[in-house]
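Q: this one's structure only:
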């Protein structure tokens, strides 16, 4: 589909037409033309009336089938523009939703996209019907036949139905996360601007093959794998990429995906250092801002300066010097060529709690079995052996959990030891 991309910006703002073109192409459009205006926002069309006339001529000449704005538009502006140009008009939110729809590969991702789309529709349902009754324009076809409240209620039912399905999925996700936490697993989340190379780094660290494409928003749902960091098993999660001015509707709809970032023990913030320093700083600011907005501001962050294979040593030194004031911890790497991954793992290990391998012998009493059940819930049990008057347990846990087990075991007359390696036989959880 042929499209014309349009953006309005203030005089002090930098042009982002290149990113808009990349977004449009990621959505599958052939960008036939572009138009940018530096002006204050106009209420009727966002851009000036003269530019609208120019846009109408351009659309006719280039045989464009859609006009794509890099700004968010009011519904009345979309209607007025479609009427003036005679072509359907999409704004930034609709464009990103279209990309997400093309890239979604799981049921949850598809539901999250549908939720964002219907929530947006719900906010403007009544207004869209009223506008359609004035005379239906491209993008408003079919709405004029509805009663205002009937259409609004129909959209609301869609929202409620999808929210219920996502709640069930989130419950399952939380159960899995709780189970991992009880077993003492720590989690690391990959975050970063879309296209920064998160999935390439995920593959390099996890030995996986999640999709990696040249384009935006390749990852729309989480992928989690176990990796080893300093001989400790850690869960690594790849999540959806960030983008500047991500509409709040999308942040809310993708919360269950971003939730993995909020609840992780460490965030690896992937930064593409092969771009200009202005772009690096802009995207870094966007990512740090998004991390704060989703409630992950207290999670430790290690910045991963990726794509070092594309820059000279001098440029890399210049980038790191400029970023030192913004980042407390960073590691330059090339995920594609697996350069400096050992250094990155060493840096990660400094932020993660090391689990202690322990062995405890408990007398066979009701209170001991209660403690044993607690150990199963809060530690990674490696082996259990039941004897006539005692039970022997080998487990791995955080120092805090280990200390509680030692204290409680000794109160019950048990014996606690460190680093027991004897194979105790098959692991069997006591019956409740």
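A: It's in. As the structure is a computational prediction, the values presented were derived from the model and not from experiment.
Q: low pLDDT regions in the stretch 201-350 of the chain?
A: 208-222, 247-249, 251-260 (pLDDT under 70).
Q: let's see it at 90
A: Applying pLDDT under 90 to the stretch 201-350 of the chain flags the ranges 206-235, 237-265, 286, 289-299, 318-329, 349-350.
Q: quick one, strands of it?
A: Ranges of strands within the stretch 201-350 of the chain are 223-229, 232-238, 266-272, 301-306, 330-332, based on DSSP state E, counting those that start in this stretch.
Q: quick one: list the elements packing against the first one.
A: Secondary-structure packing of strand 223-229 (3 or more CB pairs under 8 Å, 6 or more residues apart in numbering; DSSP states H and E): helix 198-206, strand 232-238, helix 341-349. For glycine as for every other residue, the C-beta is placed from the backbone atoms N, C-alpha and C.
Q: what's the angle between the last one and strand 301-306?
A: Orientation note: helix 341-349 sits at an angle of 170 degrees relative to strand 301-306 (axes from the mean of the first three to the mean of the last three CA atoms, to 10 degrees).
Q: could you do the first one as well?
A: Orientation check (the same axes, to 10 degrees): helix 198-206 against strand 301-306 gives 100 degrees.
Q: from the chain's centroid, how far away is helix 198-206?
A: Distance, stretch centre to chain centre, for helix 198-206: 15 Å (CA atoms, centre = their mean, to the nearest Å).
Q: also the shortest one?
A: Averaging C-alpha positions (CA atoms, centre = their mean) puts strand 232-238 16 Å from its chain's average.
Q: that strand pairs with which strands?
A: Here strand 232-238 is paired, per DSSP bridges, with strand 186-192 (parallel), strand 223-229 (antiparallel).
Q: contacts made by the last one with the rest, please.
A: The one in question is strand 223-229. Residues outside strand 223-229 that contact it (CB atoms under 8 Å, 6 or more residues apart in numbering): 185, 187-188, 202, 205-206, 208, 210, 233-238, 260, 345, 348-349, 352.
Q: from these, list the buried ones, please.
A: By neighbour count, with 16 or more other CB atoms under 10 Å, those hold 185, 187-188, 202, 205-206, 210, 234-238, 260, 345, 348, 352 as buried.
Q: next one: the nearest residue to residue 65 once chain neighbours are set aside relative to residue 70, how far apart?
A: In this structure, residue 65 finds its nearest non-sequential neighbour in residue 1, 4.9 Å apart by CB to CB, 6 or more residues apart in numbering. Relative to residue 70, residue 1 is positioned 17 Å away (CB to CB, to the nearest Å).
Q: now do residue 94
A: Residue 94 is 12 Å from residue 70, by CB to CB.
Q: and for residue 128?
A: Taking CB to CB, one finds residue 128 at 22 Å from residue 70.
Q: domains in the chain, by residue range?
A: Per the record, the chain has its domains at 1-181, 185-349, 356-418, by automatic domain parsing.
Q: helices of the stretch 151-300 of the chain, start to end?
A: 198-206, 248-253, 255-262, 277-293 (DSSP state H, counting those that start in this stretch).
Q: over to the stretch 301-432 of the chain?
A: 313-323, 341-349, 366-378, 399-411.
Q: which helices and strands sit right next to the second one?
A: Using 3+ CB pairs under 8 Å, 6+ apart, the elements in contact with helix 341-349 are helix 198-206, strand 223-229, strand 266-272, strand 301-306, strand 330-332.
Q: tell me the buried residues in the second one?
A: So the one you mean is strand 223-229. Buried residues in strand 223-229, counted by 16+ other CB under 10 Å: 223, 224, 225, 227, 229.
Q: and those as CSV, adding distance to residue 77?
A: Output for the buried residues of strand 223-229, formatted as CSV (distance: CB to CB, whole Å):
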residue, distance to residue 77
223, 38
224, 41
225, 45
227, 48
229, 50
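Q: which among those residues gets closest to residue 137?
A: residue 223 (41.5 Å; CB to CB).
Q: give the bridge partners for the closest one, please.
A: residue 238.
Q: and for the closest residue to residue 169 other than its chain neighbours, the neighbour number?
A: Of all residues not flanking residue 169 in the chain, residue 108 sits nearest, at 5.2 Å (CB to CB, 6+ apart). By the measure other CB atoms under 10 Å, the count of residues near residue 108 is 21.
Q: just residue 149 next, same as before
A: 11.
Q: can you tell me how far residue 231 is from residue 347?
A: Using CB to CB, we find residue 231 at a distance of 16 Å from residue 347.
Q: so these two - more neighbours on which side?
A: Using other CB under 10 Å, the more surrounded residue of residue 231 and residue 347 is residue 347, with 19 against 8.
Q: quick one: contacts for that one?
A: 302, 329, 331.
Q: quick check on the second one: phi, psi?
A: Going back to what we said before, that points to residue 329. phi -150, psi 130 (degrees, to the nearest 10).
Q: surely it is in contact with residue 303?
A: Yes: using CB atoms under 8 Å, residue 329 is in contact with residue 303, at 6.7 Å.
Q: show me which of the two is the more surrounded one.
A: residue 303 (25 against 14).
Q: what's the closest non-adjacent residue to that one?
A: residue 330 (3.9 Å).
Q: and that neighbour, how far from residue 55?
A: Taking CB to CB, one finds residue 330 at 44 Å from residue 55.
Q: out of those two, which sits in the more crowded spot?
A: Neighbour comparison, residue 330 and residue 55: the larger count goes to residue 55, with 24 against 21 (by other CB under 10 Å).
Q: report pLDDT for that one.
A: Residue 55 is assigned 96 on the pLDDT scale.
Q: tell me which element it falls in.
A: In the assignment (DSSP states H and E), residue 55 maps to helix 49-62.
Q: hmm, who's touching whichever helix or strand comes after that helix?
A: Using DSSP H and E, the helix or strand that follows helix 49-62 towards the C-terminus is strand 66-69. Strand 66-69 has contacts (CB under 8 Å, 6+ apart) with 1-8, 20, 24, 27, 29, 46, 55, 59, 81, 85, 87-92, 95.
Q: tally of neighbours for the nearest residue to residue 44 once chain neighbours are set aside?
A: Excluding the flanking residues, the one nearest residue 44 by CB to CB, 6+ apart is residue 80, at 5.5 Å. Residue 80 sits with 20 neighbouring residues when counted by other CB under 10 Å.
Q: residue 80 sits in which helix or strand?
A: helix 75-85.
Q: which other helices and strands contact that helix?
A: helix 49-62, strand 88-90, helix 107-134.
Q: buried ones in that helix, by neighbour count?
A: Quick answer for helix 75-85 (16+ other CB under 10 Å): 75, 76, 77, 78, 79, 80, 81, 82, 83, 84, 85.
Q: got the residues you listed as TSV, with distance to residue 325 and pLDDT columns?
A: Putting the buried residues of helix 75-85 into TSV (distance: CB to CB, whole Å; pLDDT from 0 to 100) gives the following:
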residue	distance to residue 325	pLDDT
75	42	90
76	44	93
77	40	95
78	42	92
79	46	92
80	45	93
81	43	95
82	46	93
83	50	92
84	47	94
85	46	94
